[in-house]
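[1] I'd like to go over a predicted model; first the sequence, then the structure.
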Amino acid sequence: MALGPAGPARLVRCGQKDELYRGGLRSGAGTALHGVAGAKKWLEWRREIELLSDVAYFALTTLSGYQTLGEEYVNIVQVDPTKKKVPSFLRRAIFVSLHTVVPYYLEKGLQHLEHELQIEDDESRTLQSNPALGLSGRSLIRSWIQKQVRELPEQQRKTVLQVVYLLKQAIPLLHRLHLALFYIRGTFYHLSKRIAGIRYLHFGRLPGEDQSIQSSYKFLGIISVFHLLLTIGVQIYSFQQKQRARQEWKLHRNLAVQKYVDLYLIGKAEAMVGHTECPLCREKFHPQKLIYLRHYQL
C-alpha cells in the first residue's frame with residue numbers, strides 16, 4: 001500500500017469531520033447537563049462541558065493511539081517528524097493539551113485578568129461578577145488573579161491592561177497567520193500539531209492525487225496573508241484613534257477641573273475683601289497686597 005504526504009484538501013476535510021463529531025459530542029453533553037441541572041447550571045458550565053467533551057474525544061482517539069473519525073474518513077495517519085513512526089505518547093499528549101486545555105485556560109485567564117483590572121475598588125470586586133466568564137468567584141484561577149491584581153500599582157495596572165488587550169487581539173491574528181501558512185505550505189492545519197511536530201501520511205494514495213488543487217490553496221494562502229495585513233493595519237489605526245480620543249478626553253477633563261479651581265479661587269478672593277486673613281491658611285495680610293494670577297496652574 002502506497003504512502004505519501006497528505007495534501008491540504010485531505011487535512012481540511014479531516015479537520016471539518018472531527019469538528020462535526022466534536023460538536024455532536026458537545027451538544028449531547030450539554031443537553032444532558034441541561035436536563036439534569038437546569039438552564040442556569042448549563043449556562044454557567046457550558047465552556048467546561050465543551051472542554052471535557054473535546055478532551056474525551058481526543059483521549060479516546062489520538063491519546064489512545066487510534067485514528068480520529070476525521071482521519072479515518074480521509075485515510076490519513078499521524079507520524080512524527082521522521083515520517084517513519086507514529087508519534088510517541090508524550091508528543092500526542094502535548095498535542096491534546098495544546099489543542100484543548102491550553103486555549104481554554106488562556107481564554108479564561110485573560111478574561112478574568114481584564115475583568116479584575118477594570119474594577120477599581122475592592123468592594124465592587126467582591127460584589128460584581130461577569131456571567132460571561134463561566135466560573136464562580138471561588139475558582140482558584142480567579143482568586144489567584146485577584147490577589148496579584150490587588151498588589152499592582154495603578155500605573156502597572158494600566159500597562160498590564162494594555163498588554164491583555166494586545167494579547168486578545170494578537171491570538172486570533174496568530175491563528176489566521178498560521179492558517180495562511182498552511183494554505184501555502186500544506187503541512188500543519190492546526191497550530192497545536194505544528195508545535196507538537198505531528199504530520200500526516202495518506203495511505204492508498206494515487207500518483208498525482210491532490211496536486212491539481214495545491215496551486216489553488218497557495219493562491220488562497222497569499223490572499224489570506226494580504227487580508228491579514230490589511231486587518232492589522234485597520235486595528236492599529238483604530239487603536240491609535242482610541243488613544244487619541246482618550247488623551248483628548250483627559251485634556252478636556254483637566255481643563256474642566258482647572259476652570260472649577262479658578263472659579264473657586266476667585267470666589268475666595270472676593271470673600272477676602274472684608275477680611276484680613278487667608279481663608280485657607282488663616283495667615284494675616286492686607287487686602288491691598290492681593291495679586292490676581294491668571295492662567296496659573298496648580
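    Yep, that arrived.
[2] what about the residue nearest the centre of the chain, which helix or strand?
    Residue closest to the mean C-alpha point of the chain, counted by Cα atoms, centre = their mean, is Lys168 at 3.2 Å. Taking DSSP states H and E as the criterion, Lys168 maps to helix 154-185.
[3] which residues are contacting the helix or strand that that helix is followed by?
    For helix 154-185, the following helix or strand on the C-terminal side (DSSP H and E) is helix 191-196. Helix 191-196 has contacts (Cβ atoms under 8 Å, 6 or more residues apart in numbering) with 87, 91-92, 94-95, 98-99, 174-175, 178, 187-188, 199. For every residue, glycine as well, the C-beta is placed using N, CA and C.
[4] which of those residues are buried?
    Buried residues within the contacts of helix 191-196, defined by neighbour count using 16 or more other Cβ atoms under 10 Å: 87, 91-92, 94-95, 98-99, 188, 199.
[5] What about the residues you listed, which are in helices?
    Within the buried ones among the contacts of helix 191-196, residues falling in helices by DSSP state H are 91-92, 94-95.
[6] So in this structure, where's the weakest helix or strand by average pLDDT?
    In the chain, the helix or strand scored least confidently by mean pLDDT, DSSP states H and E is helix 122-127, which has a mean of 44.
[7] Name the residues of the helix or strand just after it that are buried.
    Using DSSP H and E, the helix or strand that follows helix 122-127 towards the C-terminus is helix 140-150. By neighbour count with 16+ other Cβ under 10 Å, helix 140-150 contains the buried residues 142, 145-146, 149.
[8] what's the answer for stretch 194-207, then?
    194, 196, 198-202, 205.
[9] can you pull the pLDDT of Ile236?
    Predicted confidence (pLDDT) for Ile236: 84.
[10] What are the neighbouring residues in contact with it?
    Counting by Cβ under 8 Å, 6+ apart, there are no residues that Ile236 touches.
[11] So it: helix, strand or coil?
    helix (DSSP: H, G, I helix; E, B strand; the rest coil).
[12] Same check on the one 4 residues further on?
    Following three-state DSSP, the label given to Gln240 is helix.
[13] Would you check that Gly15 makes contact with Tyr189?
    Yes: Gly15 is in contact with Tyr189 according to Cβ atoms under 8 Å; the separation is 5.3 Å.
[14] the more surrounded of these two?
    Tyr189 (20 against 17; other Cβ atoms under 10 Å).
[15] what's near enough to touch that one?
    With contacts defined as Cβ under 8 Å, 6+ apart, Tyr189 is in contact with 8, 11-12, 14-15, 182.
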